[in-house]
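Undergrad: What follows is a predicted protein model with its sequence.
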Amino acid sequence: ADSCIYKHNERQLMRPASTMKLLTAITALDKLGGSYQFKTQLKYTGTIEDGVLTGDVYCVGGMDPRFNSDDLTAFVNSLKDMGVDTIRGNVYADRSMKDAALLGEGWCWDDDNPVLSPLVFSRKDIFMDRFLAKLKDADIDIKENHFAVEIITQHHLGARVTRRTPYINCYGAYVLNPDTQKVDTYLSKVTVMCTGGCGAVYQTTTNPVIATGDGEAMVYRAKGTVADMEFVQFHPTALYHPGETHPAFLITEAMRGYGGILRLPNGESFMEKYDKRLSLAPRDIVARAIDKEMKIHGLDHVCLDVTHKNPEETKRHFPNIYAKCLSIGIDITKEYIPVRPAAHYMCGGIKVDLNGCSSINRLYALGECSCTGLHGGNRLASNSLIEAVVYADTAAKHSIEHIDEYDFNDRVPEWNDEGTLSNEEKVLIAQDVKEVEQVMSAYVGIVRSDLRLKRAWTRLDLLYEETEELYKRVKASRDICELRNMINV
């Protein structure tokens, strides 16, 4: 019952009936005349339904499917025999079942390239590779690193467009080609804005450096409706490491759920002053508390303490955080983790209806750049993922129903490409970006006041005038366009 033999024309898999179900994973140690001999077992807990194994998986015998290609192929094939294509749980390399080493949290693989990868939404993982491959198979062109400068409306045809103009239409977008450094005209019947958030307008953010609010800014300039932009959610515990701010490394709130305690650098706890739930209070309360303590004591950060927890358990539960902190000289099992709040999610954005339609005809907005009203002022964890999926579905269906009502507008003029950009102007742009980040962080952060907001307005208004003047006399570049967008946001 503890072994499995594969032959050319026959496959057998014997599984004993037990609470901890046993599978035998292929460890291709020897190949003899068409038969294979294997010895590493794969144990799992939980259930298998519709190809999804919900539970933890243990590679008994120490097999590590990350390091050996034969083992990895075998690992994948064994699960396929069980009808499993996705694991929603943890994968452990394990000899004793007591001291398991976490290999990953949630895994999937590609038939043509059996390399396990965390099942998360990022450009580097297998999910995105497969998704992009499907798009290419569907004859969809993907223009990577192209930068949308403006959406095209009646304004570009010579009409006067204001916020009171009824029936503003979107005819496409002007897009900067990174290879030619020229702005091309893209005409469309329907345009979808899904440009993400705007955390990069702050000095520290969990967002990537490209999160400069481009979609919100373009729609705002086109006189579309943008709402609730004041509702910026701050994550309370980003790793404080001055060299990494865009994005800052996220210290999951699960670490506080695990028993982590927020402290000042001198070891004094402080959450008892703000909420009876202490370090388990909701993120908005915790973020405000940390912000206040930093201001009171003149600190760059506070600390998260898990030194009282079992070291091996901490490493097992938070392997990525342990490894990241160790890489900058912090052993979280012995030392405090320096943390501070960081801009995390934009709850406001381009106002849309239940079909994802913006106030501009033929223009949809999805994801973080949109404002559906579902989050209120304080988004709850991963509700934004559900929102994005649901609204993408409704927007797709709505656009399919109406796309035949529209035509391409061939009267749209080409972009005026006149102008130059010198090194001196590049220095000005870089300095202005830093100033926007400083103003927003100091005056438009977690806790605001009329005085701070007035100061921010005065300084940003001056930056706006200077940047618009510069924009009109230079060639469009990504740097100047991102700066414009940051100031608009």
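TA: Everything's here; your move.
Undergrad: okay, and the helix or strand of the protein with the least pLDDT?
TA: Of the helices and strands making up the chain, the lowest-confidence element is strand 30-32, at a mean of 29, by mean pLDDT, DSSP states H and E.
Undergrad: For the stretch 351-489 of the chain, which segments are assigned as helices?
TA: Using DSSP state H, counting those that start in this stretch, the helices found in the stretch 351-489 of the chain span residues 383-402, 423-443, 450-473, 478-488.
Undergrad: Make TSV from those and add distance to Gly158 to it.
TA: Glycine gets a C-beta too; all of them are placed from N, C-alpha and C. TSV is the format used below for the helices of the stretch 351-489 of the chain (distance: least, C-beta to C-beta, whole Å):
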stretch	distance to Gly158
helix 383-402	26
helix 423-443	29
helix 450-473	18
helix 478-488	22
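Undergrad: Pick out the shakiest of the ones you listed, pLDDT-wise.
TA: Lowest mean pLDDT within the helices of the stretch 351-489 of the chain: helix 423-443, a mean of 90.
Undergrad: Now do the buried residues in it.
TA: Buried positions in helix 423-443, judged by neighbour count with 16 or more other C-beta atoms under 10 Å: 425, 428-429, 432-433, 435-437, 439-441, 443.
Undergrad: ditto for stretch 218-236
TA: Burial within stretch 218-236, assessed by neighbour count using 16+ other C-beta under 10 Å, is assigned to 218-224, 226-229, 231-236.
Undergrad: right, and the helices of the stretch 351-489 of the chain - which one's nearest Met294?
TA: Distances from Met294 to each of the helices of the stretch 351-489 of the chain were compared using C-beta to C-beta; the minimum, 11.7 Å, belongs to helix 423-443.
Undergrad: Report the inter-axis angle for the closest one versus helix 450-473.
TA: 160 degrees (axes from the mean of the first three to the mean of the last three C-alpha atoms, to 10 degrees).
Undergrad: got a list of contacts for helix 423-443?
TA: Applying C-beta atoms under 8 Å, 6 or more residues apart in numbering, the external contacts of helix 423-443 come out as 200-204, 452-453, 455-456, 459-460, 463, 466-467, 470, 474, 479-480, 482-483, 486-487.
Undergrad: which stretches of this protein form helices?
TA: 69-81, 126-137, 214-221, 254-257, 283-297, 311-317, 319-327, 383-402, 423-443, 450-473, 478-488 (DSSP state H).
Undergrad: Kindly present those as JSON lines, with separate columns for distance to Pro247.
TA: What follows is the helices of the chain, written out as JSON lines (distance: least, C-beta to C-beta, whole Å):
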{"stretch": "helix 69-81", "distance to Pro247": "30"}
{"stretch": "helix 126-137", "distance to Pro247": "17"}
{"stretch": "helix 214-221", "distance to Pro247": "17"}
{"stretch": "helix 254-257", "distance to Pro247": "18"}
{"stretch": "helix 283-297", "distance to Pro247": "17"}
{"stretch": "helix 311-317", "distance to Pro247": "22"}
{"stretch": "helix 319-327", "distance to Pro247": "12"}
{"stretch": "helix 383-402", "distance to Pro247": "16"}
{"stretch": "helix 423-443", "distance to Pro247": "14"}
{"stretch": "helix 450-473", "distance to Pro247": "23"}
{"stretch": "helix 478-488", "distance to Pro247": "16"}
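Undergrad: sorry, back to before: looking at the buried residues of helix 423-443, which is nearest Glu313?
TA: Distance from Glu313 was checked for each of those by C-beta to C-beta. The minimum falls on Ser441, at 35.9 Å.
Undergrad: re the thing from before, show me just the buried residues among the contacts of helix 423-443.
TA: Applying 16+ other C-beta under 10 Å to the contacts of helix 423-443 flags 200-204, 456, 459-460, 463, 467, 470, 474, 479-480, 482-483, 486-487 as buried.
Undergrad: among the helices of the stretch 351-489 of the chain, which is nearest Pro208?
TA: Among those, helix 478-488 comes nearest to Pro208, with 12.3 Å by C-beta to C-beta.
Undergrad: Now do that closest one against helix 450-473: the angle between them, please.
TA: Relative orientation of helix 478-488 and helix 450-473, computed by the same axes, to 10 degrees: 150 degrees.
Undergrad: Give the other helices and strands that helix 478-488 contacts.
TA: strand 147-152, helix 214-221, helix 423-443, helix 450-473 (3 or more C-beta pairs under 8 Å, 6 or more residues apart in numbering; DSSP states H and E).
Undergrad: List the contacts of the second one.
TA: Meaning helix 214-221. With C-beta under 8 Å, 6+ apart as the test, helix 214-221 has contacts from 147-148, 150-151, 173, 193-196, 198, 225-226, 229, 346, 349-350, 358, 360, 363, 365, 369, 481-482, 484-486, 488-489.
Undergrad: out of those, which are buried?
TA: For the contacts of helix 214-221, burial is judged from neighbour counts taken by 16+ other C-beta under 10 Å, and it is met by 147-148, 150-151, 173, 193-196, 198, 226, 229, 346, 349-350, 358, 360, 363, 365, 369, 481-482, 484-486, 488-489.
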